[in-house]
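In: coords below, sequence missing:
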Ligand SMILES: C=C(O[C@@H]1C=C(C(=O)O)C=C[C@H]1O)C(=O)O
């Protein structure tokens, strides 16, 4: 316990130093790792041959940040039981300052517009999202991070900071890419329902189809770069208090040099963007009336210990000096009902707020 306390005290010191850092724990692992950059310089990913921790935005026209392995110090701790790290009942005091009535109206209008766009056969699926702002007092981000460690053991949990960009934290249920010895793994994750004491649930056709779009897209995209592709059956997974449908996809990367091409081809997947990809991207950029920044981008280890582990930046929030912005979205298809899609974002938001 003493060791754990010292570990978090050390991170507190790093937070106060204002240096760029990330602290994270990969899904179902016990290792919590801290990476601190030695200076405040901003480095970006160009070739995917770099080594380090990547933080990439949704929009490919914006820069992907990397904390390069040779410009950082790393330390870590193994924590056997994450229930031990967090016992704080109440962390920050919070108050929603977004105008929820207005947000609801806007989100429903945009969802209806998206459904009409899809009905005109312009696209099959588009993921629409929004940002909700909360004012807080007495927030200790490390306490929130500890709560995420405890509550989301099968997620990629992180707290990331760069003085030029800001502070982000999240618990992602979704892998973008895992590569080790050229063995490749990814997943198609989509559709949402609340977890009520069982994962043995049925899914509506709309939800199954929405997830199938993601699987099909991934399979088409990786065809040229991945050999011996294997695909699991779709199954239900639990992410915190939510359930999603997931399909696992594995194979062999034909050449290490193809990594950049593969990441660029996969990102953003229809789990966070849509099909066809370019039409969905343009629709999102033109119609969502806010900037996604790093939400629905990706993050994680690039070529570290000969492995790449990238996750989609979902269930995340941006921490500013007095406010927190929650980023929340959902997939729209021709069978979507605008009001229900709004309710889904409210529900996802409520769950995210429990860690603040
Ligand atoms: C876009 C988000 O999640 C994605 C959308 C989902 C959906 O539409 O049901 C489910 C999982 C994710 O693929 C989000 O949570 O912000």
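Out: Here it is on my side, so go on. All figures in this text were calculated on a predicted structure; none of them were measured in a lab.

In: Next up, the contacts around the residue of the stretch 1-150 of the chain found nearest the ligand.
Out: Among the residues of the stretch 1-150 of the chain, residue 127 lies nearest to the ligand; the distance is 5.2 Å by Cβ to the nearest ligand atom. Where C-beta positions appear, they are placed from N, C-alpha and C, glycine not excepted. Counting by Cβ atoms under 8 Å, 6 or more residues apart in numbering, residue 127 touches 270, 271, 272, 273, 274, 280, 284, 296, 329, 330, 331, 332.

In: Work out the gap between stretch 220-227 and the centre of the chain.
Out: 23 Å (Cα atoms, centre = their mean, to the nearest Å).

In: Show me which positions of it end up buried.
Out: Buried residues in stretch 220-227, counted by 16 or more other Cβ atoms under 10 Å: 221, 222, 225, 226.

In: and if you look at stretch 150-168?
Out: Buried residues in stretch 150-168, defined by neighbour count with 16+ other Cβ under 10 Å: 150-153, 155-162, 165, 167-168.

In: does residue 234 really touch residue 244, like I thought?
Out: No. Using Cβ atoms under 8 Å, residue 234 is not in contact with residue 244, being 10.1 Å away.

In: what do the two both touch?
Out: Residues touching both residue 234 and residue 244 (Cβ under 8 Å, 6+ apart): residue 211.

In: The two: which has the busier surroundings?
Out: With neighbours defined as other Cβ atoms under 10 Å, residue 234 and residue 244 compare such that residue 244 has more, 22 against 19.

In: what residues are up against the spatially closest residue to residue 112 that is not a sequence neighbour?
Out: Excluding the flanking residues, the one nearest residue 112 by Cβ to Cβ, 6 or more residues apart in numbering is residue 338, at 5.0 Å. Taking Cβ under 8 Å, 6+ apart, we find residue 338 in contact with 107, 108, 111, 112, 115.

In: let's see it at 10 Å
Out: 104, 107, 108, 109, 110, 111, 112, 113, 114, 115, 128, 332 (Cβ atoms under 10 Å, 6 or more residues apart in numbering).

In: Neighbours of the nearest residue to the last one once chain neighbours are set aside, how many?
Out: Spatial nearest neighbour of residue 332, excluding adjacent residues (Cβ to Cβ, 6+ apart): residue 114 at 4.6 Å. Residues near residue 114, counting by other Cβ under 10 Å, number 28.

In: and what of the one 4 residues further on?
Out: By other Cβ under 10 Å, 22 other residues sit near residue 118.

In: what's near enough to touch it?
Out: 124, 125, 126, 274, 275, 280, 283, 332, 333, 334, 335, 336.

In: Apply 8 Å and report the result again.
Out: 124, 125, 126, 332, 333, 334.

In: residues touching the third one, list them.
Out: Neighbouring residues of residue 126 by Cβ under 8 Å, 6+ apart: 114, 117, 118, 273, 274, 280, 283, 284, 331, 332.

In: got it, and the fourth one?
Out: For residue 332, the set of contacting residues under the criterion of Cβ under 8 Å, 6+ apart consists of 111, 114, 115, 118, 125, 126, 127, 128, 341.

In: Locate the third one within the secondary structure: which element?
Out: Same thing as residue 115. Per DSSP states H and E: residue 115 is located in helix 100-119.

In: Do that helix and the ligand come into contact?
Out: No. Using Cβ under 6 Å from any ligand atom, we find that helix 100-119 stays clear of the ligand, coming within 11.5 Å at best.

In: Counting neighbours, show which residues of that helix come out buried.
Out: 103, 104, 106, 107, 110, 111, 112, 113, 114, 115, 117, 118.

In: again, but for stretch 194-212
Out: By 16+ other Cβ under 10 Å, the buried positions in stretch 194-212 come out as 195, 203, 206, 207, 209, 210, 211, 212.

In: repeat for stretch 334-351
Out: Residues of stretch 334-351 classed as buried: 334, 336, 338, 341, 342, 344, 345, 347, 348, 349, 351 (neighbour count, 16+ other Cβ under 10 Å).

In: dump the residue contacts of residue 39.
Out: By Cβ under 8 Å, 6+ apart, the contact set of residue 39 is 19, 71.

In: quick one on the thing from earlier: tell me which of the contacts of residue 118 fall in strands.
Out: Residues from those lying in strands, with DSSP state E as the criterion: 125, 126, 332.

In: In its sheet, which strands sit next to the helix or strand of the chain with the lowest mean pLDDT, and in what direction?
Out: The least trusted helix or strand in the chain, going by mean pLDDT, DSSP states H and E, turns out to be strand 93-96, with a mean of 80. Counting by DSSP bridges, the strands paired with strand 93-96 are strand 125-137 (antiparallel).
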